[in-house]
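Undergrad: Okay, predicted coordinates and the sequence, questions at the end:
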Amino acid sequence: VELVESGGGLVQAGNSLRLSCAASGRGFSNFAMGWFRQTPGKEREFLAAVKGIAPITYYAESVKGRFTISRDSRDNAQNKLYLQMTSLEPEDTAIYYCAASLTVDSLRNVRPDYWGQGTQVTVSA
């Protein structure tokens, strides 16, 4: 089981960025997957999640309307998770993590079964 994020980088405020997460390991299509972020000195924050079986999504209020989560589970051996981020602000600067869990509640409580290693997103003013 492995989660690998990509797509982070430096972007100017107001612009967009799309993060990707490759989840390898069979059976992941049944897992709920989500995105989180963390800044130094703060707790890891839940951003968005999508169920495994049905494409039902959940968002934190702080990103609702700006961020969109989606997943591609057509390849049973590798699932892809995405986070499309728009209208980025300097306050969005953080390390972004993807995660997977058997339940969405575990993700929303920031207690997933699996974590990725994170990707840095920096938004300049």
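TA: Arrived safely, thanks for sending.
Undergrad: show me what contacts G9?
TA: Residues near G9 by CB atoms under 8 Å, 6 or more residues apart in numbering: L17, Q120, V121, T122. Where C-beta positions appear, they are placed from N, C-alpha and C, glycine not excepted.
Undergrad: For it, list each beta-bridge partner.
TA: V121 (DSSP bridges).
Undergrad: Which secondary structure element of the protein has the lowest mean pLDDT?
TA: Lowest mean confidence among the helices and strands of the chain (mean pLDDT, DSSP states H and E): strand 78-85, at a mean of 91.
Undergrad: right, and the helix or strand after it?
TA: strand 94-101 (DSSP states H and E).
Undergrad: Within its sheet, name the partner strands of that following strand and how each one runs.
TA: strand 32-38 (antiparallel), strand 114-115 (antiparallel), strand 119-124 (antiparallel).
Undergrad: Return the set of buried residues in the longest one.
TA: This means strand 32-38. By neighbour count with 16 or more other CB atoms under 10 Å, strand 32-38 contains the buried residues A32, M33, G34, W35, F36, R37.
Undergrad: go on, stretch 2-20?
TA: So stretch 2-20, judged by 16+ other CB under 10 Å, has buried residues L3, E5, G7, G8, V11, L17, L19, S20.
Undergrad: which residues does the residue nearest the centre of the chain form a beta bridge with?
TA: Per CA atoms, centre = their mean, the C-alpha nearest to the average position across the chain is that of W35, at 2.2 Å. Counting by DSSP bridges, W35 is bridged to A48, C98.
Undergrad: my guess is it meets V50, correct?
TA: No. Taking contacts as CB atoms under 8 Å, W35 lies outside contact range of V50: 9.3 Å.
Undergrad: Select, out of the strands paired with strand 94-101, the one closest to L81.
TA: strand 32-38 (4.7 Å; CB to CB).
Undergrad: could you give the mean pLDDT of the closest one?
TA: Throughout strand 32-38, pLDDT has a mean value of 97.
Undergrad: do the same with stretch 104-116
TA: Stretch 104-116 comes out at a mean pLDDT of 95.
Undergrad: what's the offset of it from the middle of its chain?
TA: 11 Å (CA atoms, centre = their mean, to the nearest Å).
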